[in-house]
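Peer 1: structural data only, the sequence is not supplied:
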């Protein structure tokens, strides 16, 4: 039997705030097969962003088992975790986090600066990624010369340029109007269905969740439902 891309067993996470211990996740069990598109939903404070950050290697568990793309996250130290993230995960956030002084192409190239690729190869891959998200003709434009939807497409291209195993999306359409949000979500759905990208997306928007293959609901740090929606 093929091992899931993400395997979570009895995952717990707590934070220390002064003398208080704040429990965020309470024994989560979840498998995400390669090629899945999962929407994480739940009320504020339910633990969905914490779970997303753990899957993406931005944080480490307090206890339990978390294996992503063959790596046990809880066993990696800071440097090893950073190297694993660079090779394995593409991040897409609500705020586009683009460098305002750089062109779209240069912004997309940024993750490749950590590699040994030549400048010519970095440029080639960035152009391919921009073409994949449909804005190759905006490669020379700076962020302030782009619409919100175009900026998010640049951010998606940047997440894709290193060919990650998994895309981690935190409210990727939260700052967009409905029409633009639907265009971006259609793009994510295409990346999943046609190119086999595994996507885990936090969203508060039920309409956004409809683009995913299934929705996982969290409430007060507990997994309460996982169902197929698309």
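Peer 2: That came in fine, so what should we check first? All values reported here derive from a predicted model rather than from experimental measurement.
Peer 1: the spatially most central residue of the chain pairs with what?
Peer 2: Closest residue to the average C-alpha location of the chain: residue 168 at 1.0 Å, with CA atoms, centre = their mean. Per DSSP bridges, the residues bridged to residue 168 are residue 91, residue 200.
Peer 1: that one and residue 129: what is the separation?
Peer 2: Between residue 168 and residue 129 the computed distance is 17 Å (CB to CB, to the nearest Å). All C-beta spots, glycine's among them, are computed from the backbone N, C-alpha and C.
Peer 1: the helices in this structure, which residues?
Peer 2: For the chain, applying DSSP state H gives helices covering 48-55, 78-88, 104-109, 119-132, 148-160, 178-193, 206-209.
Peer 1: possible to save the ones you listed as TSV with mean neighbour count?
Peer 2: What follows is these, written out as TSV (neighbours: other CB atoms under 10 Å):
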stretch	mean neighbour count
helix 48-55	23
helix 78-88	14
helix 104-109	24
helix 119-132	17
helix 148-160	24
helix 178-193	17
helix 206-209	17
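Peer 1: identify whichever of those lies nearest to residue 142.
Peer 2: helix 104-109 (7.5 Å; CB to CB).
Peer 1: now stretch 75-87: mean pLDDT?
Peer 2: In this model, stretch 75-87 has an average pLDDT of 88.
Peer 1: residues in contact with it?
Peer 2: The contact list for stretch 75-87 (CB atoms under 8 Å, 6 or more residues apart in numbering) reads 56, 57, 58, 60, 71, 73, 111, 114, 162, 164.
Peer 1: for the third one, give me the pLDDT.
Peer 2: At residue 58, the pLDDT value in this model is 91.
Peer 1: check contacts around it.
Peer 2: Contacts of residue 58 by CB under 8 Å, 6+ apart are residue 85.
Peer 1: and it, how far from residue 6?
Peer 2: Residue 58 sits 14 Å away from residue 6, going by CB to CB.
Peer 1: which secondary structure element of this protein has the lowest mean pLDDT?
Peer 2: strand 222-228 (a mean of 72; mean pLDDT, DSSP states H and E).
Peer 1: isn't residue 69 right up against residue 57?
Peer 2: No. The pair residue 69 / residue 57 is not scored as a contact, 9.8 Å apart, by CB atoms under 8 Å.
Peer 1: pass me the low-pLDDT residue ranges in the chain, would you?
Peer 2: 1-2, 226-230 (pLDDT under 70).
Peer 1: ok, now which ones touch the nearest residue to residue 103 once chain neighbours are set aside?
Peer 2: Excluding the flanking residues, the one nearest residue 103 by CB to CB, 6 or more residues apart in numbering is residue 140, at 5.1 Å. When contacts are counted by CB under 8 Å, 6+ apart, residue 140 touches 103, 104, 105.
Peer 1: do residue 102 as well
Peer 2: Per CB under 8 Å, 6+ apart, neighbours of residue 102: 110, 142.
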